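Asks: How does the following fold in three dimensions:
(one chain, ligands or ions: 3)
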Amino acid sequence: PVSCGVVGTAAPVVATAEGDDGRWFRQLAVPQGLVDDLVEEALVWCSQHGLVVGEKNHPRSGKAPGVGLLHAPFALLPMSFPKVYWEQALELAPLFNELVHRVSLDGDFLQQTLARTKEVDPFTRRLLDIHSKMMELNKKEDIQLGLTRSDYMVDGATDKLLQVELNTISTSSNGLACGVSELHRNLIRHHERELGLDPASVVGNTAITQHAEALATAWAEYNNQSAVVLVVVQAEERYMYDQYWITVALREMYGVTTIRKTMAEIEAEGDLRPDGTLVINGRPVAVVYFRAGYSPADYPSEAEWRARLLIERSSAIKCPSIAHHLVGTKKIQQELAKEKVLERFLDNKSDIENVRKCFAGLWSLENDNIVNSAIESPELFVLKPQREGGGNNIYGDNLRETLIRLRKDGSNEIAAYILMQRIFPPASPSYLVREGTFVRDNVVSEFGIFGAYLRNKDKVIINDQCGYLLRTKAASLNEGGVVAGYAFLNSIFLT
Ligand SMILES: Nc1ncnc2c1ncn2[C@@H]1O[C@H](COP(=O)(O)OP(=O)(O)O)[C@@H](O)[C@H]1O
Ligand SMILES: N[C@H](CCC(=O)N[C@@H](CS)C(=O)NCCC(=O)O)C(=O)O
Ligand SMILES: [Mg+2]
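Replies: Numbering: from 1, shown residues only. Ligands and ions are numbered 1, 2, ... in the order given. Now for the predicted structure:
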């Protein structure tokens, strides 16, 4: 293993990503002769149970449901996952929910921390402008709904569970994640003897029911029986089936109506009543559930920014509010990792310790020692812009060249990025299925716990974990993400 003289934090000793050092993280073993049958059964199951995405080559698969379907990418069988990490992540969920809420209340902290980024990153600036307008209006959000997801990787060198990021907007795969654990249970049930695992060992996923419950409870808090839940979506959405799992459950379990609108449609069809009610074509909106709006691509014109401002100014419950959205930026993640900052937002010492324990190395580019280390050993770091949705990070030689360019230019563009310690999870062989065929590859996994936080003034109505997401990808890949096209949906059985 290579250690690097990274100053200012425990030197991350790098475990090799090659070879099978999976230790406790292993796909359930499957007799070689059974693989083809399992793949065929799994593909049939996906088709019959809506574990599907829109097929990217089909012209209308992102426009109309039921058109151009393809099974979602999945790992053939579940991954063993040590109970100790599962329990640690569960315990952290309500702490991160509370942290997000507390930080979202400190408008000055958000504005100051992002002030440098604002100068060089137009997207973050537009979000901050809406946030500062709300501060000028002294806009209070009595009812707050946060549907978060905290993503982790186990660092192979230290066996520590380290947070990759905290998502506060459009946390997705909450629908499909449930499907893949059902798929695995089904396969194991039909081959229990050959696979030697009790199907009940596959950890059930409560993400659909708990997200629906949180949205329905927020809708009830708004207390207008004729109001709807507005789902903000992209015009082209091949992940719509993940979203429909939540909105269909909302209707079937709670009788709550949802409407799907793009930001452009909201600008064209939306209005504010004098009492602040947001109406879309005359229908009052209780909750705005953002499944878009997290990326510059979601704001192709000023119309979309006007829609975001209209929503923010309204009395609708925003999931998330602009403040909650900003808390989820990578810059804030990096700031919260600085000494003594958590103490500003959390009271309980052991809570603070538990949160801090899962932080990986996180630095701004003003830290010359770290930038030098990263130029010297770029493979030990990840360079991150303030972007969400997967596929945005910079690695390896590109990371080194970017840092050298930024240093040479002496530009304040450095404030658009953060540097993060690269985490090397233990790798192990696994069968992965995409577009009807399987490959066997050495893989690493990223484990996310969804969180739901609902508060009405001082009353905390929900503060809980609400299901999980395991994403598995080839160990040779830098980037991750299912929508971004790198990772496969997976499930776990505890060991
Ligand atoms: N510190 C890290 N170490 C290893 N891989 C990382 C790290 N940070 C991000 N990644 C990889 O990049 C992917 C995207 O990074 P992330 O910070 O989650 O950005 P996004 O908000 O776009 O999802 C992650 O899913 C993971 O696969
Ligand atoms: N199309 C949008 C996708 C929204 C989206 O990319 N969300 C990010 C956090 S911002 C995320 O949670 N990604 C987990 C699944 C993955 O790995 O791709 C939607 O369906 O809402
Ligand atoms: Mg991510």
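
Asks: mind listing what the nearest residue to Tyr254 once chain neighbours are set aside touches?
Replies: Counting by C-beta to C-beta, 6 or more residues apart in numbering, Tyr254 lies nearest to Ala216, which is 3.7 Å off, once chain neighbours are set aside. Glycine gets a C-beta too; all of them are placed from N, C-alpha and C. Ala216 sits next to Leu250, Met253, Tyr254, Val256 when contact means C-beta atoms under 8 Å, 6 or more residues apart in numbering.

Asks: Buried residues, the helix or strand containing Ala216. List them.
Replies: Here Ala216 sits within helix 207-222, counting by DSSP states H and E. For helix 207-222, burial by neighbour count (16 or more other C-beta atoms under 10 Å) applies to 207-208, 210-219, 221-222.

Asks: Between those, which sits nearest ligand 1?
Replies: Ala207 (17.2 Å; C-beta to the nearest ligand atom).

Asks: Please work out the average pLDDT along stretch 193-201.
Replies: Mean pLDDT, stretch 193-201: 95.

Asks: which of the residues in it are buried?
Replies: So, applying 16+ other C-beta under 10 Å, buried residues of stretch 193-201: Leu195, Leu197, Pro199, Ser201.

Asks: same check, this time on stretch 284-303
Replies: So, applying 16+ other C-beta under 10 Å, buried residues of stretch 284-303: 284-295, 298-299.

Asks: now, among these, which is nearest to ligand 2?
Replies: Arg291 (3.6 Å).

Asks: Would you map the strands across the stretch 301-450 of the chain?
Replies: 317-319, 362-363, 381-385, 417-421, 428-434, 437-456 (DSSP state E, counting those that start in this stretch).

Asks: Please identify the most buried of the ones you listed.
Replies: strand 317-319 (a mean of 27; mean count of other C-beta atoms under 10 Å).

Asks: which helices and strands sit right next to that strand?
Replies: strand 143-155, helix 207-222, strand 283-290 (3 or more C-beta pairs under 8 Å, 6 or more residues apart in numbering; DSSP states H and E).

Asks: does any bit of the shortest one sit next to ligand 2?
Replies: No - figure legend: strand 283-290 not in contact with ligand 2 (C-beta under 6 Å from any ligand atom); closest approach 8.1 Å.

Asks: Parallel or antiparallel, list what pairs with that strand.
Replies: Here strand 283-290 has these sheet partners by DSSP bridges: strand 228-232 (parallel), strand 278-280 (antiparallel), strand 317-319 (parallel).

Asks: Next, the residue nearest to Ala207 when sequence neighbours are not counted: secondary structure please.
Replies: Setting aside the residues directly before and after it, Ala207 is nearest to Gly467 in space (C-beta to C-beta, 6+ apart), at 2.8 Å. The local conformation at Gly467, judged by DSSP: H, G, I helix; E, B strand; the rest coil, is strand.

Asks: Now do Gly467 against Arg283, distance only.
Replies: Noted for Gly467: a distance of 29 Å to Arg283, by C-beta to C-beta, to the nearest Å.

Asks: Of those two, which one has the most company?
Replies: A count of neighbours by other C-beta atoms under 10 Å puts Gly467 above the other of Gly467 and Arg283, at 25 against 14.

Asks: Quick check: the more buried one touching Cys178?
Replies: Yes - using C-beta atoms under 8 Å, Gly467 makes contact with Cys178 at a distance of 7.0 Å.

Asks: list the residues that contact both of the two?
Replies: With C-beta under 8 Å, 6+ apart as the test, Gly467 and Cys178 both reach Asn205, Thr206, Ala207, Ile208.

Asks: Please convert the residues you listed to JSON lines, extending it with pLDDT.
Replies: Output for the shared contacts of Gly467 and Cys178, formatted as JSON lines (pLDDT from 0 to 100):
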{"residue": "Asn205", "pLDDT": "97"}
{"residue": "Thr206", "pLDDT": "97"}
{"residue": "Ala207", "pLDDT": "98"}
{"residue": "Ile208", "pLDDT": "98"}
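
Asks: okay if I get the residues you listed as a markdown table plus distance to ligand 1?
Replies: Shown next, in a markdown table, are those (distance: C-beta to the nearest ligand atom, whole Å):
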| residue | distance to ligand 1 |
| --- | --- |
| Asn205 | 19 |
| Thr206 | 22 |
| Ala207 | 17 |
| Ile208 | 21 |
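
Asks: Contact distance from ligand 2 - what residues of the protein qualify?
Replies: Within the chain, the positions adjacent to ligand 2 are 149, 167, 169-173, 237, 239, 242-243, 291, 294, 388-390, 471, 481-484, 487 by C-beta under 6 Å from any ligand atom.

Asks: List buried residues within the residues you listed.
Replies: 149, 167, 169-173, 237, 239, 242-243, 291, 294, 388-390, 471, 481-483, 487.

Asks: Filter these down to the ones in strands?
Replies: Among those, the members falling in strands (DSSP state E) are Arg149, Asn167, Arg471.

Asks: Who is the closest residue to the second one other than its chain neighbours paired with across the strands?
Replies: In space, Asn167 comes closest to Arg149 once its chain neighbours are excluded; the distance is 4.6 Å by C-beta to C-beta, 6+ apart. In this structure, Arg149 bridges to Asn167, Phe450 when assessed by DSSP bridges.
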